[in-house]
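S.K.: No letters, just coordinates:
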Ligand SMILES: Nc1ncnc2c1ncn2[C@@H]1O[C@H](COP(=O)(O)OP(=O)(O)O[C@H]2O[C@H](CO)[C@@H](O)[C@H](O)[C@H]2O)[C@@H](O)[C@H]1O
């Protein structure tokens, strides 16, 4: 027998000798140490949990960290037991089985305990609520709290219903939703001008020259570490483990999952895709799956360790054409470039993050989709070729994932080649027989289009050409990577039900609607969740300095106004609690409807409001933001650049978030806003329609305001209703905030839905 500590060290050194591409089961029988058998599940050579068989006697070691892996490892143990049982006799197998049962019981007891603790906490906080109410400290009465929790339950129920009925999503019928429901309230826009002090007051309060000089510090900031003292005097930093109720485990569905994406927060992010790649895998890991994220290494990220694995992949180089003058023959030559990639690893929150390093990804940290079209194409081809082999070559915690019981989740066109390579290079050759792929559509507007000749860069057999070819009424015959990925993937997911419906229409499919319709049988809409650790007003690391504070449902009435004042101060705007502060955050392109805001700005400026816009992208739209600020310096701030910190602070400090997107597959900012008690005003389209139920003043239900057509007049109408409520119906406003904050927007629900899709893919032939 050996002690747990010493064996883990031995295991680490021996594991490196393993043949990396061997599938899981055979590899376990290959491990040996000084003539003894050593079978191990060692993560980073340390403490997770492992079985050791010395002189044929199996011994189990379990460390506290194992709890994080729960179902995943339990499942893995079971199969390990079976393997050991077969080799060492039934007796040893029985002993293992018994030990396994015991640890199972311990885990169950622990889960029960956690459940009880979280219920106690809820009880304590509800008692706290009622004490505050009695004292009159909060203007919100107990009945409202109860009513809200009922409303929240109702919302959840109807939301689930939506999931099952895509046919309900008739976009044509969205025309007046949200606006019509407001008939009862007596108001007129002309009154709004006089609702508070005059706009001149606002302008005059701060010299325009001060503007946002201090605000415009840098255009890219690294996320800071969470640790602060909150208003209750408790140490903040991250949600306490016991506050987080663990989701149900995947049980028999447990599998190996590899998500690949071109960006991943917090390391590299240009938009919502980065957020999803950073958060969904953690939720899947919490269900017990073994989960990996594969992403290019654009910069020197501190957390990473070199795995020592190096591989070389061929990528098609330049096509050289040569005209031979004497025969007029045109010859084409393909240059094959062989590019070396290396692999870096980090293990965070139960997820293996693998970063693929190559010179082609360097110097792109702040411009990850930059460069010539062909350069991007070749970068993504290299990335996908390397990513598909990661489960063979890159050991995580000493053990490769292997290709059995494995599903890849590819995201958007950048990684749509992975399902194609999986099929063409491996499955067609009888390899990776039990590996499947799911392709997620975050935005169909970007497809990896090019002329038909681009196929030559794909390095695929000629009979794959048709998969990429598409006829487009505007561009004619062309090459389309997204189309090929959608056809080759075993399942397709998109990020809301509304968008799943829109994708099938000629307006929403961006030329791929036929492809989507043909593959409708494998398409499913799953609404994104949010990372409740990163985007929670209670734990937000960006709210613990410069006058900002963390706040929760209990401290909303004091915390949020404090954040608003801090934001106004930071932006150089008049610090006025009575003036509604409207926010916009997003990529500046046609999708986000910045032009609609531009049309509405003159009206807004007559409403005694403040407006802050954060974004980067199209130069003309960036210029527009600057112009707004210089024309209305006392009321508008236009931050051009990418600042995660400012995005968090706007979400916390603003009263209202504008999202007039022309199309929006899901949208995350409205979800973040609701979680921070900031009220969304959105165009009822795609995921915005799915997630923002319009406010109904008769029944005091709903979460924000929606408008049915992407037109400035409709935006003005909805925002006008919103402003009236803000100013004149304080209680309704607070109800909206509390309902938004009380929702369960976490990834856990979405992860369960993803799991269903992954299981369906797994059994797909
Ligand atoms: N200038 C800036 N500075 C700092 N942060 C900024 C920023 N501009 C944007 N962001 C951040 O980027 C993210 C944007 O996410 P969205 O989902 O709203 O849009 P995006 O169109 O990028 O994502 C696509 O993918 C996601 C994920 O599936 C879908 O929700 C969405 O509808 C689809 O268009 C948010 O976290 C936001 O705070």
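M.R.: Okay, I see it. Since the model is a prediction, treat every value here as computed from it, not as a measurement. Numbers count the residues shown, from 1 in each chain.

S.K.: Give me the below-cutoff pLDDT ranges for the stretch 251-400 of the chain.
M.R.: Judged by pLDDT under 70, the stretch 251-400 of the chain has its weakly predicted residues at 317-335.

S.K.: no wait, the chain
M.R.: Applying pLDDT under 70 to the chain picks out residues 1-96, 99, 103, 106, 109-110, 112-245, 317-335.

S.K.: State the number of residues packed around residue 446.
M.R.: 14 (other C-beta atoms under 10 Å). (Each C-beta comes from the backbone N, C-alpha and C, glycine too.)

S.K.: Kindly apply the preceding question to residue 339 instead.
M.R.: Residue 339: 18 surrounding residues under other C-beta under 10 Å.

S.K.: Name the residues of the stretch 501-650 of the chain found near the ligand, please.
M.R.: Selection of the stretch 501-650 of the chain residues close to the ligand by C-beta under 6 Å from any ligand atom yields 528, 585-587, 614-616, 642-644, 647.

S.K.: Reformat these as CSV; add secondary structure and neighbour count.
M.R.: Formatted as CSV, those follow (DSSP: H, G, I helix; E, B strand; the rest coil; neighbours: other C-beta atoms under 10 Å):
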residue, secondary structure, neighbour count
528, coil, 24
585, strand, 24
586, strand, 25
587, strand, 18
614, strand, 22
615, strand, 23
616, strand, 21
642, coil, 20
643, coil, 21
644, helix, 17
647, helix, 21
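
S.K.: Nearest to residue 654, out of these: which one, please.
M.R.: Proximity of these to residue 654 (C-beta to C-beta) peaks at residue 585, which lies at 9.1 Å.

S.K.: List the residues that contact the closest one.
M.R.: Residues in contact with residue 585, defined by C-beta atoms under 8 Å, 6 or more residues apart in numbering, are 613-615, 647, 650-651, 657, 669.

S.K.: ok, now with 10 Å
M.R.: 592, 612-615, 639, 643, 646-648, 650-651, 654, 657-659, 668-669, 672-673 (C-beta atoms under 10 Å, 6 or more residues apart in numbering).

S.K.: That one and residue 453, how far apart?
M.R.: From residue 585 over to residue 453 the distance is 39 Å, taken as C-beta to C-beta, to the nearest Å.

S.K.: Write out the residues of the stretch 301-450 of the chain neighbouring the ligand.
M.R.: So far as C-beta under 6 Å from any ligand atom goes, the stretch 301-450 of the chain lies against the ligand at 442-443.

S.K.: Phi first, then psi, for the residue of the stretch 301-450 of the chain at minimum distance from the ligand.
M.R.: Nearest to the ligand in the stretch 301-450 of the chain, going by C-beta to the nearest ligand atom, is residue 442, at a distance of 3.6 Å. Dihedral angles of residue 442 (phi, psi; degrees, to the nearest 10) stand at phi -100, psi -30.

S.K.: Ok, residue 732 next?
M.R.: According to degrees, to the nearest 10, residue 732 has phi -60, psi -40.

S.K.: again, but for residue 669
M.R.: With angles defined as degrees, to the nearest 10, residue 669 sits at phi -60, psi -40.

S.K.: Surely it touches residue 659?
M.R.: Yes - counting by C-beta atoms under 10 Å, residue 669 does reach residue 659; the two are 6.2 Å apart.

S.K.: what about the two, which has more around it?
M.R.: In this view residue 669 and residue 659 are compared by other C-beta under 10 Å, and residue 669 has more residues nearby, 28 against 25.

S.K.: Show the contacting residues for that one.
M.R.: Residue 669 sits in contact with 272, 275, 530, 535, 583-586, 592, 647, 650-651, 657-659, 661, 678, 680, 682, 688, where contact means C-beta under 10 Å, 6+ apart.
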